[in-house]
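Engineer: here are the coordinates; sequence isn't available:
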């Protein structure tokens, strides 16, 4: 697991919404439980500050780290995906969002940024410069700041379009299914992660792995998925285990957290 992913999981489960900043020592102690070294934790915290995902706040001789508007949005998105939207899209309407773009070859940065946002928002490529996503996707969070050359449409499939074939071309369903099945093999057992030192480590590993999978899941309509699609079962396993791990994880976190009030959130 990437240290940044684990840090975001920890922030989402134990810091988000509390109006606090956390000391570097607390991060180091928490992440040592999942095998992340002190050096890796410190360097990741620095990179996250440079990327605008964390900000520093000094109190006395100690350095603390707090959320930024960017990391707050990332954590809100993770919370929505884990606890609210779910992995099953059983909407009655067969609605899709299409994004077409034609950007100059010299706009390499903008092209890369747009493709990254499209994948993040659940889009798959239909053909060169044309991407599709299920449902009505808010285009603002996809095309904001990209500039001209992007067009957005809402659409419904019509005969003779073969949506099963189209989805097979636009999305790696087989690869996504294998990720869900691997998650179940690891976690759907009586004593998952028995070698982990405690339930904080288990909880961090569980949610980090789950977020990595569901952020790659475009939530395609159930009507187009295999009948034995493993996502819903994997989601139940994740939620049940998180509830099992949470009491001890919260107790451990309370012991190791060194915090100060977040002055930015209080102003």
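Structural biologist: Okay, I see it. A quick note: this is a predicted structure, and the numbers were derived from the prediction, not measured. Numbers count the residues shown, from 1 in each chain.

Engineer: I'd like the next helix or strand past the lengthiest helix in the chain.
Structural biologist: In the chain, taking DSSP state H as the definition, the longest helix is helix 231-256. Next along the chain after helix 231-256, taking DSSP states H and E as the criterion, comes strand 259-261.

Engineer: what sits up against the next helix or strand after that next one?
Structural biologist: Sequence order places helix 263-266 as the next helix or strand after strand 259-261, per DSSP H and E. Here helix 263-266 makes contact (CB atoms under 8 Å, 6 or more residues apart in numbering) with 19, 55, 57, 66-67. Bear in mind the C-beta positions are built from the backbone N, C-alpha and C, glycine included.

Engineer: mind listing what residue 118 touches?
Structural biologist: 99, 131, 133, 142.

Engineer: go with 6 Å
Structural biologist: residue 131 (CB atoms under 6 Å, 6 or more residues apart in numbering).

Engineer: kindly state the pLDDT recorded for it?
Structural biologist: Looking at residue 118, its pLDDT stands at 89.

Engineer: what helix or strand is it located in?
Structural biologist: Secondary structure assignment for residue 118, by DSSP H and E: helix 108-120.

Engineer: could you point out the helix or strand that follows that helix?
Structural biologist: Next along from helix 108-120, by DSSP H and E: strand 124-127.

Engineer: helices and strands around that next one, which ones?
Structural biologist: helix 163-170 (3 or more CB pairs under 6 Å, 6 or more residues apart in numbering; DSSP states H and E).

Engineer: ok, residues contacting the helix it packs on?
Structural biologist: Residues contacting helix 163-170 (CB under 6 Å, 6+ apart): 124-126, 132, 157, 224.

Engineer: ChimeraX command to pick out the buried ones of these?
Structural biologist: If you want just the buried ones from those in ChimeraX, going by 16 or more other CB atoms under 10 Å, the selection is:
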select :124,132,224
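
Engineer: returning to what we had before: now do the buried residues in the longest helix of the chain.
Structural biologist: For helix 231-256, a neighbour-count test (16+ other CB under 10 Å) marks 231, 233-235, 237-238, 241-242, 245, 249, 252-253, 256 as buried.

Engineer: make JSON lines from those residues and add distance to residue 91 and pLDDT to it.
Structural biologist: Shown next, in JSON lines, are the buried residues of helix 231-256 (distance: CB to CB, whole Å; pLDDT from 0 to 100):
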{"residue": "231", "distance to residue 91": "15", "pLDDT": "97"}
{"residue": "233", "distance to residue 91": "20", "pLDDT": "97"}
{"residue": "234", "distance to residue 91": "20", "pLDDT": "98"}
{"residue": "235", "distance to residue 91": "17", "pLDDT": "97"}
{"residue": "237", "distance to residue 91": "24", "pLDDT": "98"}
{"residue": "238", "distance to residue 91": "22", "pLDDT": "98"}
{"residue": "241", "distance to residue 91": "28", "pLDDT": "98"}
{"residue": "242", "distance to residue 91": "26", "pLDDT": "98"}
{"residue": "245", "distance to residue 91": "32", "pLDDT": "98"}
{"residue": "249", "distance to residue 91": "34", "pLDDT": "98"}
{"residue": "252", "distance to residue 91": "40", "pLDDT": "98"}
{"residue": "253", "distance to residue 91": "37", "pLDDT": "97"}
{"residue": "256", "distance to residue 91": "43", "pLDDT": "96"}
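
Engineer: could I get the residues you listed as JSON lines with distance to residue 42?
Structural biologist: Below are the buried residues of helix 231-256 laid out as JSON lines (distance: CB to CB, whole Å):
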{"residue": "231", "distance to residue 42": "36"}
{"residue": "233", "distance to residue 42": "39"}
{"residue": "234", "distance to residue 42": "34"}
{"residue": "235", "distance to residue 42": "34"}
{"residue": "237", "distance to residue 42": "34"}
{"residue": "238", "distance to residue 42": "30"}
{"residue": "241", "distance to residue 42": "30"}
{"residue": "242", "distance to residue 42": "28"}
{"residue": "245", "distance to residue 42": "26"}
{"residue": "249", "distance to residue 42": "23"}
{"residue": "252", "distance to residue 42": "21"}
{"residue": "253", "distance to residue 42": "20"}
{"residue": "256", "distance to residue 42": "16"}
